[in-house]
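A.B. asks: Following is a predicted model, sequence given first.
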Amino acid sequence: MKFLQRLGRSIMLPVAVLPVAAILSGIGFWISNGGKNPNLVSTFLDAAGGSLLGNMALLFAVGISIGMANKSDGTSALAGLVSWLVVTTLLKPETVMLFTGVGDVNEVDPAFLRVQNVFVGIICGLIGAWCYNRFKDTKLPDALSFFSGKRSVAIVTAGFSLVLAIVLFFVWPFVYQALVGFGEWIVTLGAFGTGIYGFLNRLLIPVGLHHALNSVFWFDVAGINDLNNFLDGTGTYGVTGQYMTGFFPIMMFGLPGAALAMYLTARTTRKKLAYGILLGGAISSFFVGVTEPLEFAFMFLAPVLYLVHAVFTGISMAISQILPVRMGFGFSGGFVDLVLGWMNPMAQNPWLIPVMGVFWFGIYFVVFYFIIKRFNLKTPGREDDDILADDTEYDTRATDDKYLVTGGRFINALGGKDNILELENCATRLRMEIDDVSKVDDTALKRAGAAGTMKPGGKSVQVVYGTNVQFVKDAMEAIMTGRAEAPTGAAPEPSTAPGGTGVLTGAATTTITLRQPLQGRVVPLAEVPDPTFGQGIMGPGLAIEPTGDTVIAPADGTIGATFDSSHAVALVLGDGTELLIHVGIDTVEMKGEGFQTLVEKGQKVTAGTPLLRFDLAKIRAAGHPAVTPVIVLNNENARIDFT
């Protein structure tokens, strides 16, 4: 599943350019009245959009090679491009003509006219990424040293791509012809067959074979010629258009409904990231019927949703034929083609398409929302943290020298990078699996800026740092993977709250009066079953055994930090006091399930503003204590009073 999530994330890079390209092509198609009256503007726009849409498979090859590579750089992109060029050049009709000895390119198997598809692009991208990961550090003898390391990647990629081309040369025609024959049989099944066609049309998009199926129904392969007959107005009224109509309600309304469901179920901290992907895809799907930006956004992240989408498309196709309603397109099943085809003599009851669309919008939204929440599917904005951790597209945080210094010293104090088996973090601490715990130097960790070290047992080690622990973890990963080097400058001075802006110390006790941020019974920190809080390592404060489900701001202030797992929030008060409200113990392990952050970092709030919401039953069902510490991070002499 992590492979599919990583693949889905990688696909977002090329998919991100498609909505604008689709809209440009759609506007050009509209201006030219469906391509019948081209002019300078329509030709320009169509060419601009087509430059990307027509090379979508190539974009996939390069984008996936970048996204699937470890420590990706331009070399991995070059490897994906090399693989694509080798495979498609060897399998283009002109080359195949020479291989097979036929006298004319028109005699070449038509399967090779469709070899430049998304499926081949994905395979080439994966080959490029694998070769990069495997051979980028290759060391050759001195005589061949020029080709060592990253220079060897493209060469090796070309070799593996030769093998892929040979395999496809023999396999591809059989797959293509089998699909065409299957499509011709579907024609005999009436509305049920139309539904099967719609289902398979969507199901085959990931492998690029839907073009073979479309050729049976849209063009003159089997005598149907549905698309051309509709555009020419020369078909049979009530029949022509039946293999296109059902796409309109799905593309214009159904998929935007799915996009809304995915946006509303995205984690609060990632809604902005999901918004851009899903809004652009929804606009592209509605106006011009280009669905790939939305479909590729979830087909690999949540395959079960894509299967549901394929089933719904089949049902829509069958219903459209039965009603009856007929409509066709020259570009795709979007708003532009609906308007252009409204007055076509082959159009039948086109007013039913928006009516059906409203129905499908509701169906898609409800079903997608329910399935995503019920099965915790990793749609955009809900991906696992470890899948996104190395994704520079999503990571807008900068790691400066201070955290690189701390990270480097932490690594040394933990026995070196080879001694660190696993590295994660929660709201305030690093959570690690250490190969040899005896090598961990607690004193050195303290000098480097740690507030404390805990060894729960076995190979587990936790280093308490503060709310900026994510930056330290990122810096440690950068050093351990070779993406950065630890500076030689001085490390930060240790403090009881390294994540803060400075520790406010003083001999006198400072009483901080706050509104109780959560309904429940107030208990002393000593009753919290976690030494980081119970022993005051993070700072003084109180805890609450909750009966409510919403954390509110205990005073006016600014949100200092939120967390991907949504189980904690930091607040900076007007006088500089830094508070951490941490719902439950070890609840970071729930990865956000049952939690919802309601604010953003940097947002100004007033006392009583809801900060985060949680499901108390889910916390207890997961076996975690729900007690919620409220900690002062930057004043070891503070005392909290709740009103």
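C.D. replies: Alright, I've got the coordinates.

A.B. asks: where does this protein have its least confident helix or strand?
C.D. replies: Lowest by mean pLDDT, DSSP states H and E among the helices and strands of the chain is helix 385-388, with a mean of 46.

A.B. asks: what's next to the helix or strand following it, contact-wise?
C.D. replies: Next in sequence after helix 385-388, counting helices and strands by DSSP states H and E, comes helix 401-413. Outside helix 401-413, the residues within contact range by Cβ atoms under 8 Å, 6 or more residues apart in numbering are 417, 420, 430, 440-441, 444-445, 447-450, 463, 465, 468, 471-476, 478-480, 484-487, 489-492, 498. Any C-beta I mention is one placed from the backbone N, CA and C, and that applies to glycine too.

A.B. asks: So which of the residues you listed sit within strands?
C.D. replies: 420, 430, 463 (DSSP state E).

A.B. asks: Tell me the bridge partners for the nearest residue to the last one once chain neighbours are set aside.
C.D. replies: Leaving aside its sequence neighbours, Val463 sits nearest to Leu430 (Cβ to Cβ, 6 or more residues apart in numbering; 4.3 Å). For Leu430, the residues forming beta bridges with it (DSSP bridges) are Asn425, Val463.

A.B. asks: Now do the contacts for Val569.
C.D. replies: Contacts of Val569 by Cβ under 8 Å, 6+ apart are 551, 559, 561-563, 580-581, 597, 599, 611-612.

A.B. asks: Name the nearest of the residues you listed relative to Lys150.
C.D. replies: Phe563 (36.4 Å; Cβ to Cβ).

A.B. asks: Buried only: go through the contacts of helix 401-413 for me.
C.D. replies: 417, 420, 430, 440, 444-445, 448-450, 463, 465, 468, 471-476, 478-480, 484, 486, 491, 498 (16 or more other Cβ atoms under 10 Å).

A.B. asks: The one helix or strand Thr194 maps to: which residues count as buried?
C.D. replies: Using DSSP H and E, the element containing Thr194 is helix 190-203. Across helix 190-203, burial judged by 16+ other Cβ under 10 Å covers 191, 193-203.

A.B. asks: ranges for the helices of the stretch 351-500 of the chain?
C.D. replies: With DSSP state H, counting those that start in this stretch as the criterion, the stretch 351-500 of the chain has helices at 352-375, 385-388, 401-413, 442-448, 469-480.

A.B. asks: Next: the stretch 101-250 of the chain.
C.D. replies: Along the stretch 101-250 of the chain, the segments classed as helices by DSSP H, counting those that start in this stretch run 118-135, 151-186, 190-203, 210-218, 226-232, 247-249.

A.B. asks: To Thr379, which of those lies closest?
C.D. replies: Thr379 sits nearest to helix 190-203 of all those, at 17.1 Å, using Cβ to Cβ.

A.B. asks: what's in contact with the closest one?
C.D. replies: Contacts for helix 190-203 (Cβ under 8 Å, 6+ apart): 183, 186-187, 189, 210, 213-214, 217, 242-243, 246-247, 295, 306-307, 309-311, 313-318, 320-322.

A.B. asks: If any of those are buried, put those into a ChimeraX selection.
C.D. replies: Paste this into ChimeraX to select the buried members of those, with burial taken from 16+ other Cβ under 10 Å:
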select :183,186,187,210,213,214,217,242,243,246,247,295,306,309,310,313,314,315,316,317,318,320,321
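
A.B. asks: can I get the helices of the stretch 101-250 of the chain in TSV with mean pLDDT and distance to Ala607?
C.D. replies: Below are the helices of the stretch 101-250 of the chain laid out as TSV (pLDDT from 0 to 100; distance: least, Cβ to Cβ, whole Å):
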stretch	mean pLDDT	distance to Ala607
helix 118-135	86	51
helix 151-186	86	58
helix 190-203	92	51
helix 210-218	75	57
helix 226-232	78	63
helix 247-249	96	49
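
A.B. asks: dump the residue contacts of Phe368.
C.D. replies: Counting by Cβ under 8 Å, 6+ apart, Phe368 touches 257-258, 261-262, 305, 308.

A.B. asks: Let me see the confidence value for Gln603.
C.D. replies: Per-residue confidence (pLDDT) for Gln603: 88.

A.B. asks: doesn't Thr558 make contact with it?
C.D. replies: Yes. Under the criterion of Cβ atoms under 8 Å, Gln603 makes contact with Thr558 at 7.1 Å.

A.B. asks: Please tell me I have it right and Gly235 contacts Asn229.
C.D. replies: Yes. Contact criterion Cβ under 8 Å: Gly235 and Asn229 qualify, at 3.3 Å.

A.B. asks: who's more crowded, those two?
C.D. replies: Gly235 (23 against 20; other Cβ atoms under 10 Å).

A.B. asks: Distance of the more buried one relative to Gly50?
C.D. replies: Remark: distance between Gly235 and Gly50 (Cβ to Cβ, to the nearest Å) = 27 Å.

A.B. asks: ditto for Ala57
C.D. replies: With distances taken as Cβ to Cβ, Ala57 is found 14 Å from Gly50.

A.B. asks: if you count what's nearby, which of those two comes out ahead?
C.D. replies: Higher neighbour count among Ala57 and Gly50: Ala57, with 21 against 15, using other Cβ under 10 Å.

A.B. asks: and the more buried one, what helix or strand is that in?
C.D. replies: Here Ala57 is assigned to helix 56-67, by DSSP H and E.

A.B. asks: With Val308 instead?
C.D. replies: Short version: Val308 belongs to helix 303-322, going by DSSP H and E.

A.B. asks: For Ile420, see how far away the residue nearest to Ala444 when sequence neighbours are not counted is.
C.D. replies: Spatial nearest neighbour of Ala444, chain neighbours left out: Ala413 (3.7 Å); criterion: Cβ to Cβ, 6+ apart. Plainly put, Ala413 is 11 Å away from Ile420 if you go by Cβ to Cβ.

A.B. asks: got it, and Asp564?
C.D. replies: From Asp564 to Ile420 the distance is 21 Å (Cβ to Cβ).

A.B. asks: Phe160 too?
C.D. replies: 33 Å.

A.B. asks: May I ask which helix or strand encompasses the nearest residue to Tyr369 once chain neighbours are set aside?
C.D. replies: Excluding its sequence neighbours, the residue lying closest to Tyr369 (Cβ to Cβ, 6+ apart) is Ala261, at 4.0 Å. Assigned by DSSP H and E, Ala261 belongs to helix 255-265.

A.B. asks: List the buried residues of the helix or strand that that helix is followed by.
C.D. replies: Per DSSP H and E, helix 255-265 leads on to helix 271-288 as the next helix or strand towards the C-terminus. Buried residues in helix 271-288, counted by 16+ other Cβ under 10 Å: 271, 273-274, 277-278, 280-288.

A.B. asks: cool, and stretch 403-421?
C.D. replies: For stretch 403-421, burial by neighbour count (16+ other Cβ under 10 Å) applies to 403-411, 413-415, 417, 419-420.

A.B. asks: closest to Trp84 among those residues?
C.D. replies: Using Cβ to Cβ, Lys417 comes nearest to Trp84 of the buried residues of stretch 403-421, at 35.7 Å.

A.B. asks: The closest one and Asn349: what is the separation?
C.D. replies: Distance from Lys417 to Asn349, by Cβ to Cβ: 67 Å.

A.B. asks: what does Pro517 give?
C.D. replies: From Pro517 to Asn349 the distance is 58 Å (Cβ to Cβ).

A.B. asks: With neighbour numbers in mind, choose between those two.
C.D. replies: The residue with more neighbours, out of Pro517 and Asn349, is Pro517; 26 against 15, by other Cβ under 10 Å.

A.B. asks: what about that one, which helix or strand?
C.D. replies: Assigning secondary structure by DSSP H and E places Pro517 outside every helix and strand.

A.B. asks: sec struct for the nearest residue to it once chain neighbours are set aside, please.
C.D. replies: Spatial nearest neighbour of Pro517, chain neighbours left out: Pro554 (4.3 Å); criterion: Cβ to Cβ, 6+ apart. For Pro554, the assignment made with DSSP: H, G, I helix; E, B strand; the rest coil gives coil.

A.B. asks: Please give me every residue in contact with Pro554.
C.D. replies: Pro554 touches 514-517, 571, 579, 581, 607, 630, 642, counting by Cβ under 8 Å, 6+ apart.
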